[in-house]
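S.K.: With the input below, show me the fold.
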Amino acid sequence: MLRHHGDVEARPGMLDFAVNVQGVAPPAWLRERLAARLTDLGRYPSSEDDRTARVAVAARHGRSPDEVLLLAGAAEGFAMLPRLAPRLAAVIHPSFTEPELALREADVPVTRVILERPYTLDPTLVPEEADLVVVGNPTNPTSILHPAETIQALRRPGRIVVIDEAFADAVAAPVGIADESTASGAMPAGRVADEPESLAGLSAHDVIVLRSLTKTWALAGLRCGYALGAPEVLARLAHGRPHWPLGTLQLEAIIATAEPAAVAESRQHAHRIAADRTAMIDRLTALGLDVHTPATGPFLLLRVPDGALLRKRLADRGIAVRRADTFPGLGPDHLRVAVRGAAEVDPLIDALNAALW
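M.R.: Numbers count the residues shown, from 1 in each chain. From the prediction side, this is the model:
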């Protein structure tokens, strides 16, 4: 159950609300950047490519290059967590399940901190003896964005806090504060635009931030991401890693999407997602569905009557939605749906009307 992901819900040809990737392919300019590197595939990725990518990511977040660890997707970062050798890990749920799975498979003791609706983070719920805490922000699947100061309140002497910010670049900043620090005091996530409540710009010895390029840039098949943290902690994560852990195209994608023009484009995407999300919430609630709000990510958590049957009825009509009972703390009547534009939401609403009544 911990390794169930939305991609298994969506068969070829289905209208996909189960996976949170935005679009079916990277934008044309990014495809061109990647295609231009195809002739370089006959040689091994160079140390200069790695350095260039780390410098680009560091500049994007106001960090130093030695605070960047390039990853084959954020999921690789979760798989590395057991190398920190925690005595007790606390995973805050409902949330993405790969971190817990990786820790359990390495025989690391794990305690679940399950938040009840409205899924407000309370740092006092985490056992004091936990020396590793994992939290998502915004959290998948609840779409909750925790205040940065609340996440910082998880910090303790001898503890490392890991923040899964896989969807942080899909959160729209309020108009007018794009280049300012957040009201909570967190550093701005980049030099071009602000990502609310992100701690990606915070240099600290006890905080690791994991980021993904999968969702915004439709790069699920390329596996790109990175970790931000103290050099000595990143070195522990990378211990035993094979040589050339990322390929040339992965490195090029990281470089390209960290550039100021790309960051600005991602902020435009975030505002479009916010508008689509508001419209989608209105249409779903008009059907009488329980949509959890506030929501800040590119997905929505629903509570519906007889969720398994509704998923089947939607699948029979060629529409895939994500079961959410695989997330600790949620049940069979919870579903997650990706935020999509009106053209895709129209058939979803029609199918729900037919399936519900």
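
S.K.: Confirm for me that residue 44 is in contact with residue 247.
M.R.: No. With contact defined as Cβ atoms under 8 Å, residue 44 does not count as touching residue 247 (9.2 Å). C-betas here are computed from N, CA, C, even on glycine.

S.K.: between these two, who's got more neighbours?
M.R.: residue 247 (18 against 12; other Cβ atoms under 10 Å).

S.K.: Please give me every residue in contact with the more buried one.
M.R.: By Cβ atoms under 8 Å, 6 or more residues apart in numbering, the contact set of residue 247 is 41, 45.

S.K.: any idea how far it is from residue 107?
M.R.: Per Cβ to Cβ, to the nearest Å, residue 247 is found 31 Å from residue 107.

S.K.: so the residue most central in space within the chain, which of the three states?
M.R.: The residue lying closest to the centre of the chain (Cα atoms, centre = their mean) is residue 166, at 2.1 Å. Using DSSP: H, G, I helix; E, B strand; the rest coil, the structure places residue 166 in coil.

S.K.: ok, and the closest non-adjacent residue to it?
M.R.: residue 212 (4.0 Å; Cβ to Cβ, 6 or more residues apart in numbering).

S.K.: Specify the beta-bridge partners of that neighbour.
M.R.: Residue 212 forms beta bridges with residue 225, as assigned by DSSP bridges.

S.K.: contacting residues for it?
M.R.: 73, 74, 166, 167, 224, 225.

S.K.: how about a cut-off of 6 Å?
M.R.: Neighbour list for residue 212: 74, 166, 225 [criterion: Cβ atoms under 6 Å, 6 or more residues apart in numbering].

S.K.: The last one reaches residue 76, doesn't it?
M.R.: No. When contacts are counted by Cβ atoms under 6 Å, residue 225 is not listed as touching residue 76 (7.1 Å).

S.K.: Distance of residue 105 relative to residue 94?
M.R.: Applying Cβ to Cβ to residue 105 and residue 94 gives a distance of 20 Å.

S.K.: The two: who's more crowded?
M.R.: Legend: neighbour count by other Cβ under 10 Å for residue 105 and residue 94, higher for residue 94 (26 against 12).

S.K.: so the more buried one touches residue 325, yeah?
M.R.: No. The criterion here is Cβ under 6 Å, and residue 94 misses it with residue 325 at 10.1 Å.

S.K.: Tally up the residues packed near residue 252, please.
M.R.: Neighbours around residue 252, by other Cβ under 10 Å: 24.

S.K.: just checking, it is part of a helix?
M.R.: Yes. Counting by three-state DSSP, residue 252 is part of a helix.

S.K.: Spatially nearest residue to it, not counting backbone neighbours?
M.R.: residue 37 (4.9 Å).

S.K.: partners of the helix or strand hosting residue 113, with directions?
M.R.: Residue 113 belongs to strand 110-114 when elements are defined using DSSP states H and E. According to DSSP bridges, strand 110-114 forms sheet pairs with strand 89-93 (parallel).

S.K.: For the partner strand, give me every contacting residue.
M.R.: So strand 89-93 is in contact with 99-100, 103, 108, 110-114, 126, 130, 132-135, 328-329, going by Cβ under 6 Å, 6+ apart.

S.K.: Beyond it, next helix or strand please.
M.R.: Using DSSP H and E, the first helix or strand after strand 89-93 is helix 98-105.

S.K.: Keeping just the C-alphas, turn that next one into PDB.
M.R.: Coordinates of each C-alpha in helix 98-105 appear next as PDB, following Å, rounded to 0.1, in the frame of the first residue of the first chain:
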ATOM      1  CA  GLU A  98       7.900   6.800  -0.100                       C
ATOM      2  CA  PRO A  99       9.900   8.300   2.800                       C
ATOM      3  CA  GLU A 100       8.200   6.000   5.300                       C
ATOM      4  CA  LEU A 101       8.700   3.000   3.000                       C
ATOM      5  CA  ALA A 102      12.400   3.700   2.400                       C
ATOM      6  CA  LEU A 103      13.000   4.000   6.200                       C
ATOM      7  CA  ARG A 104      11.000   0.900   7.100                       C
ATOM      8  CA  GLU A 105      12.800  -1.200   4.400                       C
END
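
S.K.: Next, the buried residues of that helix.
M.R.: 98, 99, 100, 101, 102, 103 (16 or more other Cβ atoms under 10 Å).

S.K.: show me where pLDDT drops low in this structure?
M.R.: Where the chain drops to pLDDT under 70, the residues are 2-4, 6-8, 10, 175-193.

S.K.: Perfect, I'm done here.
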